[in-house]
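Undergrad: pasting the sequence and the predicted coordinates here, then a few questions.
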Amino acid sequence: MAQLHKMSSTRDRLSGLLFFIIGIGFCIGAATGLKIGTASQMGPGFFPMLVGGLLALFGLIIVAKPGKTSGGGKSGIAWRGLVMIIMATLSFGLFVRDLGFVPTMMLTVLLACFASPDMKPLIAIVIAASVTLFCSVAFIYGLGLPLPLFGPWLQF
Amino acid sequence: MDILGNLLIGFETALSVQNLLFCFIGVGLGTAIGVLPGLGPNATISMLLPLTFALSPTTALIMLAGIYYGAQYGGSTTAILVNIPGESSSAVTVLDGYQLALSGRAGVALSIAAIGSFVGGTIATIVLALFAPALTSFALKFASPEYFSLMVLGLVSSITLARYSILKAIPMVLLGMLFGTVGMDINSGVMRFTAGIPELFNGLSFVAIALGIFGFAEFIRNLETGKPQEAEVAAVHSLWPTKDDLRRSTMPIMRGTLIGSVLGVLPGGGAILSSFASYTVEKKLSKTPQRFGKGAIEGLAGPETANNAGAQTSFVPMLALGLPSNPVMALMLGALIIQGIVPGPNTIAQNPTLFWGLIASMWIGNLMLLVLNLPLVGLWTKLLQVPQHILLPGIVAFSCIGVLSVNNEPTDIFVLTMFVMLGYGFTKLKCEPAPLLLGFILGPMLEEQLRRSLIISMGDPMIFLSRPISAVLLVVAVGLVLVATLPHIARKREEVFEEE
């Protein structure tokens, strides 16, 4: 029980710290780059400054007074899933223009496949091929999404 | 009566071939994705959101609403058949629904849930038709300070529904508002927090944020358990309820409709609160409360009705005031804004076909659910048995294409990636992500109303307290926070949300 309590207060402190840093970050951004103005004539920096300040304040309160409840989560962090899915979306964004839709889709789907430890390589290839085929037909031909099937990098 | 004439316009709109088709597609897709364990309405809607952008606003809203109640129906199916609540509002359905399924009456449970949903949905549609226009005429008296206070109230009530600590939900709203400031400031034309990236001048992509914090965060969380849950699907035999089942369900369905319709209209209400309240009421009123949790049909009929009725009437504040009372309505509001319609008191008068068409289509959509989904139960159970890791890659692919298709801008995919990390991080830190989205949507409007109010008052913040309606709204907001943090209520909240 004490263990759980400790976990949840660490978690609260961490969230509080995160809120504080982001809040201060927006305040600094507003103070250095934007005109603040006055209450009757709000500049573009006024609202971010106000809200950022409030956020930092709440962050501090949470750090100082972390919750006692909100029991411990049972599961850890799904590192493998997280990393693979981030790589999947990132590579889609990075390559879809230059490499083209077909190869990028294959890569993205393959990466997403291995987010789960249960995936077998052969099945992954089958899934990647069929999802790519389906999406090419449905989105590029069907809905007319303006993306090249094979991008400039693959054209000689 | 005027309402009849308006409903006529509505049915004319909703019964057009195109709107019927997209209502059908929405209901079907919503159910199909909502059935998948771990994917509730939030994830389902944010995933399918981009599909609607090519449509006209009315058709888009009709389809989105279809996706919403389809997803809810799908969630109930999962709750009854495999004991996994697809979303928080079916957390109650699990209690008695799964027990019914275990005793070989899964089909009956599904039928009662469907019938209850249909009755609740039908009556709530009427409530919606009666109340939204009335609320509108009330809101026409509002000026900037009132809007500001109304939005504060809306945000506060969303906070009190947070599953975790309220103290951590408030910063999430603020954070959402800060993300909402990214892009060009509409008043000065100055770029804010764009780091000089031209693709960010129009602000962060709403679809990317919604999918990141609702969709992807859920996908990754589903991977945590290591081995995906082998869904053990209860067999469905007869769909026909007995006379006794119907007799037992009648009153809970009626009470559920009432509870749902009322709670749905309240800011912060909607499906979740309605179903919990209905379950509590039925258990209190029952002569045999010990049967609850062991397969009492009343404990299924009431909440299933209430959550559908609540889901319908939660459209009232969104359409009549532009105030989303829950994350799903925030998604709808976001979709409408992208379509170029900012809901407010004038929406119903200016877009009668949008409003009345939506209302009529909801009734038609509920009818579709009733007629189509019961015979299709076999198909849904098949879908339930597909292992998650087979479906996930396709879902990730669709989501990426969806985000990209909105602006055809790869930068949005990087925004998505950032919010995938943030969203998952927040679930790990037990910070509720829904208020962030509400803050993101309402932030820019809140800023605008604040600016205008302070111009009127020449910088004096007391304007929000010296105007009676505004003051009342703010007092209610403060009251809500105080009530929610009272030790007694706070404990109750924990009990309620422990079902997760």
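TA: That came through, no problem.

Undergrad: for the rest of this, base every contact and every neighbour count on C-alpha atoms.
TA: OK.

Undergrad: send the alpha carbons of whichever strand or helix holds B:L482 over as CSV?
TA: Secondary structure from DSSP states H and E places B:L482 in helix B:468-485. Taking Å, rounded to 0.1, in the frame of the first residue of the first chain, the C-alpha atoms of helix B:468-485 are listed here in CSV:
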residue,chain,number,x,y,z
PRO,B,468,-26.0,39.0,-13.4
ILE,B,469,-26.1,36.1,-15.9
SER,B,470,-22.3,36.0,-16.2
ALA,B,471,-21.9,36.1,-12.4
VAL,B,472,-24.4,33.2,-11.9
LEU,B,473,-22.6,31.1,-14.5
LEU,B,474,-19.3,31.7,-12.8
VAL,B,475,-20.7,31.0,-9.3
VAL,B,476,-22.1,27.7,-10.7
ALA,B,477,-18.7,26.9,-12.1
VAL,B,478,-17.0,27.5,-8.8
GLY,B,479,-19.7,25.6,-7.0
LEU,B,480,-19.1,22.6,-9.3
VAL,B,481,-15.4,22.5,-8.4
LEU,B,482,-16.1,22.8,-4.7
VAL,B,483,-18.8,20.1,-4.8
ALA,B,484,-16.5,17.7,-6.8
THR,B,485,-13.7,18.2,-4.3
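
Undergrad: which residues are contacting that helix?
TA: B:145-150, B:152-153, B:156-157, B:160, B:166, B:464-465, B:489-490 (Cα atoms under 8 Å, 6 or more residues apart in numbering or on different chains).

Undergrad: which one (most neighbours) among these?
TA: B:P145 (27 neighbours; other Cα atoms under 10 Å in any protein chain shown).

Undergrad: any idea how far B:V472 is from that one?
TA: 12 Å (Cα to Cα, to the nearest Å).

Undergrad: can you check A:I21 too?
TA: Taken as Cα to Cα, the span from A:I21 to B:V472 is 34 Å.

Undergrad: in chain B, which residue sits closest to chain A?
TA: Using Cα to the nearest Cα, the closest approach of chain B to chain A is made by B:G459 at 3.9 Å.

Undergrad: how much space separates that residue from B:L442?
TA: On the measure of Cα to Cα, B:G459 and B:L442 end up 22 Å apart.

Undergrad: comparing those two, which residue is more hemmed in?
TA: A count of neighbours by other Cα under 10 Å puts B:L442 above the other of B:G459 and B:L442, at 26 against 17.

Undergrad: what's the pLDDT at that one?
TA: B:L442 carries a pLDDT value of 87.

Undergrad: which other residues reach the helix or strand harbouring B:T93?
TA: Taking DSSP H and E as the definition, B:T93 sits inside helix B:91-100. With contacts defined as Cα under 8 Å, 6+ apart, helix B:91-100 is touched by B:76, B:79-85, B:106, B:109, B:275-276, B:279, B:292-297, B:299-300, B:303-304, B:499-500.

Undergrad: what is the helix or strand of chain A with the lowest mean pLDDT packed up against?
TA: Ranked by mean pLDDT, DSSP states H and E, the weakest helix or strand in chain A is helix A:2-33, scoring a mean of 84. Using 3 or more Cα pairs under 8 Å, 6 or more residues apart in numbering or on different chains; DSSP states H and E, the elements in contact with helix A:2-33 are helix A:46-64, helix B:166-181.

Undergrad: burial count for residue 137?
TA: As the question left the chain open, I've gone with chain A. Applying other Cα under 10 Å, we find 13 other residues in the vicinity of A:V137.

Undergrad: hmm, no, I was thinking of chain B.
TA: 13.

Undergrad: how about stretch B:408-423: buried residues?
TA: For stretch B:408-423, the buried set under the neighbour-count rule, 16 or more other Cα atoms under 10 Å in any protein chain shown, comprises B:408, B:410-423.

Undergrad: now do stretch A:145-156
TA: Buried-residue list, stretch A:145-156, by 16+ other Cα under 10 Å: A:147, A:149-151.

Undergrad: I'd like the residues you listed laid out as TSV, including secondary structure and pLDDT.
TA: Formatted as TSV, the buried residues of stretch A:145-156 follow (DSSP: H, G, I helix; E, B strand; the rest coil; pLDDT from 0 to 100):
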residue	secondary structure	pLDDT
A:L147	coil	87
A:L149	coil	89
A:F150	coil	90
A:G151	coil	83
